[in-house]
Structure formats: structure tokens, C-alpha cells
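> Give me coordinates for this.
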Amino acid sequence: MGDVRLGQWLNLLVCSALLLKATGVPVGITILQTAVAKGAVCLDGSPPAYHWDKGFGSGLNNWLVHIEGGGWCHNVTNCLGRKNTRLGSSKKMLKEIPFSGILSNRQSLNPGFYNWNRIKVRYCDGSSFTGDVAAVDPATGLYFRGARVFRTVMADLLAKGMGKAVNAVLSGCSAGGLTSILHCDNFRALFLPSGTKVKCVSDAGYFINVKDISGAQHVQEYFTDIVTTHGSAKNLPPSCTSKLRPDLCFFPQYVVPQIRTPIFYVNAAYDSWQIKNIVVPGVADPHGTWRNCKLDIKNCSPTQLKTMQNFRLQFLSAIGDVSNSAVKGMFIDSCYLHCQTELQETWSMPNSPLLNKTTIARAVGDWFYDRTSFQKIDCPYPCNPTCHAPIFDPNVRLE
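Residues are numbered from 1 along each chain as shown. All right, here's what the predicted structure looks like:
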């Protein structure tokens, strides 16, 4: 027993040492002051921002633009709550942030993209960069200008060298992963008619339209409010809005069949954020029956696990069309996680989640460079021993 515990402690120490060694170098912030004159601003009217770690060597003309996540705000009250935080104002953002995972500059930790120009676009509009309302209510001082921010930031990067890119990727996590879906074809259009190779990567951005445990359409109502509050309809993919209501076109499952640009989906089939906020939002669990289960899937009762298995089946049904396209890829593991590309531990480490003995970093890299296609769906929980406890869970909830 003592030997087993000693072995566990040694393994923990080794993993901790590797994570410390993998900590990224801080990257400074760029505040885009010129955007203000164009009305491309955060919720509070401050200029948008991004962090840029410049490419080097063979990656000098390759660009990876990664969109930060952080949920959404669906009404004036909710958006006012974000206005004076980093999710609503560049004034509240850290001046430096570490780059890791898909943003790392170390070949051993990010073999596919380590020497590219790697940009993290900060998220401060609350609409996955789809909003554009011209009027500003003087009583609230709220600006709903996410789509303008996206266009202005991209124009700035194009002028700074991205326009000459040989390879380009638009990626993102959570609400940023949704951005990489909704704006994927727009991003590709930036490089036409050049011969730039353009692809997209969505991490934990495939939010699905399902009822919560009470039978209510909670997330559909929430997304409807987002689209209405931010005036998003005109900035959602017209290939979807020409057929369906705009609020439905905020859900990937109704958009992805029409996406023309190659795109890779990284997602947990038991996405912890979706379980906590879409399947079991607080309003549907007033007595906190799901509290321990939502904290750790190992705490779930057989009945709760059945609900989560049903969610997995609904998720796989919603993402099913991906497997019909050779240019689209997917890494759908059975971990209870949310966002896996930015975290070194889940992107590319000795203890990272695996599918077909392959890390996410290798799967995405092989797909991008056309070395091999990758469309893998994990077996149901708890079959994958490479999954581990939740590491990252954005402190943002539906209301």
C-alpha cells in the first residue's frame, strides 16, 4: 500500500514538474486605439485588444489567430455586469498573459504551430463577435459592436503581415470556439483570391440545442436573447439565416453543414460547461441535487449518468454531418472537460487525453498539414483511462 501511494506521489510530482516547465512566456497586450474611431469597441466603449507572439524561422509567414472564450451576455442587466470586467473592457485586461497549448512557442509542446505568428484576441463584446447596434443608450453606456471588433482586428493583422500569410488558422475556445465556427468562412474570405491555405479549429465551441432536465428550452431562449440584444442577425452566416430564424443560426449544428472552409472540432462528448449550464442550469435544479455530480462526473448517480449519456448521444447526432466531409476533422473524447487546446496538459503532454493513441496536438497538426485525416469519436464514459478531472471551467453561467 505504501509503495502504491509513493508511486502515485512520484507520478504527481513528475507531472507537476512538467507543467511548471511548460508554463508559457508572458506575451504583452496590444491595445488597438485606432478602432475607437470606427466604433469597434468593447461593451464599455474601450478599444479592443490582442496579444501577439511573432513567428520565427519557417513559421514567419504563418498565422494562428485564437479567439478567447468567456460566455455571453444576453440582456442589458447581464451585459452591465460584464462591462467593468476583462470580458467587457480592455481597461480591465492583464497587460501580459502566458501562451501555452496551441499558443506555445516551444516545438516539443506545440509541434505544429510553435513558430507561427500566434495571436490571442481578447473577448470583450459578449456576443461571440456577432453584434452590431449603432445606437448607444446613454443610460447604460453599453456598446454592442462585436462584429465590428472582429473585422477591425482582422484588418489590423492583415496590415501587419497576415495578408501575406502562407498558412492561416482561426481557432478559439468556448465562446471563442463558437466564433471560429460562425466566422470561419469570413476569415477565409480575407485571403481571397490569394493562395493562402486557410483552416479553422473550434475547441469546445459546438454548443447544441437541447432541452434542460426540466424539459425547458433554456439555451434556445438564451441564445435568442443574445441575438436580439446584440443585433447579431445580420452578422450570422447568411447560408443559415436564409433558411432558419437567426437565433437558431447561433447554434453550430445549423451552421456547419454550409461551412465551406476546412474546420476541425475538438470537443468533449460530456462537455462540462454544457452539462452544467445547458442540461442542468441552476433554474432547473433549484434544490442542488446535481451539485456534486456537476463538480465531478465520478460523483454522479446512475440516473444522472443516464442523463449525461443521453446528452452525449444528442451531441453526436448534432455533430454527425462532420464525418461526411473529408476536409473536416474531429477529436471527440469522453472526458468531462471544457476547452482543451489552450491548456498544455490537455493539448500535448505525456498525460494528455488520447484517441487512437493520438494527442489533440498531433491530430490537429496532421489534419492541418494534410498528413492524414482525423475523425475520431471516443467510446462512452468511463472507457477512456487518459481522461482526468476537470481542469478548466470558465466562471460564466447562463442565467
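> Now do the strands in the stretch 51-200 of the chain.
Assigned strands in the stretch 51-200 of the chain, in chain order: 62-67, 96-98, 117-121, 167-173, 197-203 (criterion: DSSP state E, counting those that start in this stretch).
> Could you pull out the strands in the stretch 201-350 of the chain for me?
263-268, 329-333.
> which of the ones you listed is buried the deepest?
By mean neighbour count, with neighbours taken as mean count of other CB atoms under 10 Å, strand 263-268 ranks first of those at a mean of 27. Just so you know, the C-beta spots here come from the backbone N, C-alpha and C atoms, and that holds for glycine as well.
> Give me the contacts around that strand.
Among residues not part of strand 263-268, those counted as contacts by CB atoms under 8 Å, 6 or more residues apart in numbering are 177, 180-181, 184, 199-206, 256, 315, 319, 322, 327-338, 340-341, 360, 363-364, 367-368, 374.
> that older thread, I'd like the strands of the stretch 201-350 of the chain laid out as JSON lines, including mean pLDDT and distance to G146.
JSON lines is the format used below for the strands of the stretch 201-350 of the chain (pLDDT from 0 to 100; distance: least, CB to CB, whole Å):
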{"stretch": "strand 263-268", "mean pLDDT": "98", "distance to G146": "20"}
{"stretch": "strand 329-333", "mean pLDDT": "97", "distance to G146": "27"}
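> how about those in CSV, adding distance to K92?
Shown next, in CSV, are the strands of the stretch 201-350 of the chain (distance: least, CB to CB, whole Å):
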stretch, distance to K92
strand 263-268, 28
strand 329-333, 33
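> what's the closest of those to K276?
Counting by CB to CB, K276 lies closest to strand 263-268 out of these; the figure is 12.3 Å.
> pull the CA atoms of the closest one into PDB?
Extracted C-alpha coordinates of strand 263-268, given in PDB (Å, rounded to 0.1, in the frame of the first residue of the first chain):
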ATOM      1  CA  ILE A 263     -12.600  23.000 -40.000                       C
ATOM      2  CA  PHE A 264     -11.600  20.800 -37.100                       C
ATOM      3  CA  TYR A 265     -13.800  20.200 -34.000                       C
ATOM      4  CA  VAL A 266     -12.200  19.500 -30.600                       C
ATOM      5  CA  ASN A 267     -14.900  18.700 -28.000                       C
ATOM      6  CA  ALA A 268     -15.700  16.600 -25.000                       C
END
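> Tell me the strands beside that strand, with direction?
Each strand paired with strand 263-268, and its direction, by DSSP bridges: strand 197-203 (parallel), strand 329-333 (parallel).
> roughly how far is that strand from the heart of the chain?
Here strand 263-268 shows a centroid-to-chain-centroid distance of 9 Å under the convention CA atoms, centre = their mean, to the nearest Å.
> ok, now which ones touch the closest residue to Q314 other than its chain neighbours?
Leaving aside its sequence neighbours, Q314 sits nearest to V210 (CB to CB, 6 or more residues apart in numbering; 5.2 Å). By CB under 8 Å, 6+ apart, the residues touching V210 are V219, I278, V279, F311, Q314.
> Which ones among those lie within helices?
Under the assignment DSSP state H, the contacts of V210 contribute V219, F311, Q314 to helices.
> Do I have it right that the last one meets I208?
Spelled out, that is Q314. Yes. Under the criterion of CB atoms under 8 Å, Q314 makes contact with I208 at 6.3 Å.
> Neighbour count for those two, which is higher?
I208 (20 against 17; other CB atoms under 10 Å).
> Just the pLDDT at the more buried one, thanks.
On pLDDT, I208 comes in at 98.
> dump the residue contacts of it.
Going by CB under 8 Å, 6+ apart, I208 touches F251, P252, Q253, Q274, I278, Q314, F315, A318, I319.
> I'd like those residues written out as CSV, with pLDDT and distance to V121 added.
Output for these, formatted as CSV (pLDDT from 0 to 100; distance: CB to CB, whole Å):
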residue, pLDDT, distance to V121
F251, 98, 22
P252, 98, 19
Q253, 97, 25
Q274, 98, 23
I278, 98, 25
Q314, 98, 31
F315, 98, 27
A318, 95, 26
I319, 93, 25
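> Who wins on neighbours among these?
Comparing the contacts of I208 by number of neighbours (other CB under 10 Å), P252 comes first, having 25 neighbours.
> tell me the contacts of that one?
So P252 contacts L178, I181, S202, G205, Y206, F207, I208, A318, I319 (CB under 8 Å, 6+ apart).
> what's the answer for P380, then?
Contacts for P380 were tallied using CB under 8 Å, 6+ apart; they are A269, Q309, R312, S334.
> filter those residues to the buried ones?
Among the contacts of P380, those classed as buried by 16 or more other CB atoms under 10 Å are A269, R312, S334.
> Looking at those, which is nearest D44?
Taking CB to CB as the measure, D44 lies nearest A269 of those, at 37.1 Å.
> my read: the closest one touches D333, true?
Yes. With contact defined as CB under 8 Å, A269 and D333 form a contacting pair (6.9 Å).
> Name the residues contacting each of those two.
What both A269 and D333 touch, as defined by CB under 8 Å, 6+ apart, is the set D378.
> shaky segments in the stretch 201-350 of the chain?
321-324 (pLDDT under 70).
> where exactly do the helices run in it?
Assigned by DSSP state H, counting those that start in this stretch, the helices in the stretch 201-350 of the chain fall at 218-230, 238-241, 252-255, 272-274, 291-295, 302-318, 344-347.
> what residues does the second one touch?
The reference is to helix 238-241. A233, L248, C249, Y254, V255, Q258.
> related to what we said a few turns ago, would you list the ones in helices among the contacts of V210 in a markdown table and tack on distance to P26?
Converted to a markdown table, the ones in helices among the contacts of V210 look like this (distance: CB to CB, whole Å):
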| residue | distance to P26 |
| --- | --- |
| V219 | 36 |
| F311 | 38 |
| Q314 | 40 |
